[in-house]
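[1] here is a sequence together with a model predicted from it:
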There are 2 protein chains.
Amino acid sequence: MAMNGVNSISGKGAGRRPAGDNTKAKIIAAAQKGFAENGYDRTSMRQIGSAAGVDAALIVHYFGTKQKLFVETMMPLFDGPKQLPHTLEGDIHTIGLRLATLYVGIITNPMSQQLMQGMFRSVSSEEQAAEMLRAFVHEAIIMRIIQYLPGPNNELRATILGAQLIGVFVARYIVKVEPIASVDSAELIEYLAPQLQTHFAK
Amino acid sequence: MAMNGVNSISGKGAGRRPAGDNTKAKIIAAAQKGFAENGYDRTSMRQIGSAAGVDAALIVHYFGTKQKLFVETMMPLFDGPKQLPHTLEGDIHTIGLRLATLYVGIITNPMSQQLMQGMFRSVSSEEQAAEMLRAFVHEAIIMRIIQYLPGPNNELRATILGAQLIGVFVARYIVKVEPIASVDSAELIEYLAPQLQTHFAK
């Protein structure tokens, strides 16, 4: 159900590329750059259209609202090659390592890192951006994780896990507290994995 | 050593109140209000002095820099009645519950919640505020926790624990993702405690 919800936003099948996909990709690239550099609220559809070389009306045609466009720009970070669903499938006893590897890969990627930093700048002061990130975190992350957390109150437990992931990003890139700020990916994964695992282990 | 570092900032003994403590308390109350409402960078020593009914020069005399004053306004949240050290002492097998109880108590207290929200607003966009919070988190939290985390790389593991605490605050009060945003204190403590405990358990 969660995945249906998300897929209905992105709305792409696995078949051959429909006409317009190139234009969509250009718009998403321009949106990623705009949101990353200027934050959500200070990036307009018109600016994105101008950077992508298309009319803003075409963005509305393809994506509907700016909110939906933003979800599309964030989704590839977690979901590009079906990353998060793929990560969650498989041996439940090593899910912590797979999730840590995926997440550290996302936050150490320069583009996604910049996009998330831009988001946090917006989110802490702008209610519209917070509402946006809230919807994204809920649909793309929490709703996907809960089915792997059997037992009572799994939605709350999924958000506590989500909070831990958010906290790693904020501690490393926003507050920049050492040593988590400058430790290399391998070491961060090594120490984060067993902590994430505890959410899933019986 | 960490506690010495922190105590040397606050510099208060357990003896009787020296003259000037009333004025200091007034300044700290005014600073808390200012930082909470306007963030770190947009609150000047002069504004705080004016709200406290004292000259800004007196604040400098008592506290030195605005940075040190800020640490004094944050410290009571974690350290007022020696809360964090007290919480960490005692049975290591129930430390997760004590730490969850302390932390949820702090973030659900309206004044400290507002102060932390003000901090996050500043921190995500202003480097001076980030440097400040970094120093506070390191001295007041990380350095105190590491001695309770035996084994290799305990400073990194302490920051991963610190990141988890930060994440709970950000998820609940900044991003406001459900259900962690509106769950009551007792339930949040119940589900957070075992997660925090895993950092300490052998």
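    Cool, got the structure. Residues are numbered from 1 along each chain as shown, chains lettered A, B, ... in the order given.

[2] list the residues that contact the closest residue to chain B within chain A.
    Residue of chain A nearest chain B, by CB to the nearest CB: residue A:167 (2.3 Å). From N, CA and C alone the C-beta is placed, and that goes for glycine too. Contacts for residue A:167 (CB atoms under 8 Å, 6 or more residues apart in numbering or on different chains) come out as B:162, B:163, B:164, B:165, B:166, B:167, B:168, B:170.

[3] any idea which helix is longest in chain A?
    Ranked by number of residues, the top helix in chain A under DSSP state H is helix A:21-38.

[4] elements contacting it?
    Identification of packing neighbours for helix A:21-38 by 3 or more CB pairs under 8 Å, 6 or more residues apart in numbering or on different chains; DSSP states H and E yields helix A:45-52, helix A:56-63, helix A:66-79, helix A:110-123.

[5] re the thing from before, okay, the residue of chain A closest to chain B: pLDDT?
    Note on residue A:167: pLDDT of 94.

[6] likewise for residue A:155?
    The per-residue pLDDT reported for residue A:155 equals 91.

[7] list the contacts for it?
    Counting by CB under 8 Å, 6+ apart, residue A:155 has contacts A:142, A:146, B:178, B:179.

[8] surely the last one touches residue A:159?
    Yes. In this structure, residue B:179 is within contact of residue A:159 by CB atoms under 8 Å, at 6.3 Å.

[9] so between those two, which is more surrounded?
    Between residue B:179 and residue A:159, counted using other CB atoms under 10 Å in any protein chain shown, residue A:159 has the larger neighbour count: 30 against 18.

[10] which non-adjacent residue is nearest that one?
    residue B:180 (3.9 Å; CB to CB, 6 or more residues apart in numbering or on different chains).

[11] one more: residue A:27?
    residue A:52 (4.7 Å).

[12] any chance of CSV for the helices and strands packed on helix A:21-38, columns mean pLDDT and mean neighbour count?
    Below are the helices and strands packed on helix A:21-38 laid out as CSV (pLDDT from 0 to 100; neighbours: other CB atoms under 10 Å in any protein chain shown):
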stretch, mean pLDDT, mean neighbour count
helix A:45-52, 94, 18
helix A:56-63, 92, 17
helix A:66-79, 76, 20
helix A:110-123, 78, 20
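
[13] between these, which gets nearest to residue A:28?
    Between residue A:28 and those, the tightest spacing by CB to CB is seen for helix A:66-79, at 5.5 Å.

[14] distance from the following helix or strand past that closest one to the middle of the chain?
    Next helix or strand after helix A:66-79 toward the C-terminus (DSSP states H and E): helix A:83-88. Put simply, helix A:83-88 sits 13 Å off its chain's centre (CA atoms, centre = their mean, to the nearest Å).

[15] what's helix A:83-88 packed up against?
    Secondary-structure packing of helix A:83-88 (3+ CB pairs under 8 Å, 6+ apart): helix A:95-108, helix A:143-145.

[16] sorry, back to before: go through the contacts of residue A:167 and name the one nearest chain A.
    Distances from chain A to the contacts of residue A:167, taken by CB to the nearest CB, are shortest for residue B:167, at 2.3 Å.

[17] pull out the buried positions in stretch A:144-151.
    A:144, A:145, A:146, A:148, A:149 (16 or more other CB atoms under 10 Å in any protein chain shown).

[18] for the third one, give me the pLDDT.
    At residue A:146, the pLDDT value in this model is 88.

[19] what residues are up against residue A:91?
    The contact partners of residue A:91, taken as CB under 8 Å, 6+ apart, number zero.

[20] next, work out how far apart it and residue A:73 are.
    In this view, residue A:91 and residue A:73 are 32 Å apart by CB to CB, to the nearest Å.

[21] how about stretch A:171-182: buried residues?
    By neighbour count on 16+ other CB under 10 Å, the buried set for stretch A:171-182 is A:171, A:172, A:173, A:174, A:175, A:176, A:177, A:178, A:179, A:180.

[22] can you redo these as CSV with distance to residue A:131?
    Shown next, in CSV, are these (distance: CB to CB, whole Å):
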residue, distance to residue A:131
A:171, 24
A:172, 25
A:173, 22
A:174, 20
A:175, 24
A:176, 27
A:177, 28
A:178, 33
A:179, 34
A:180, 29
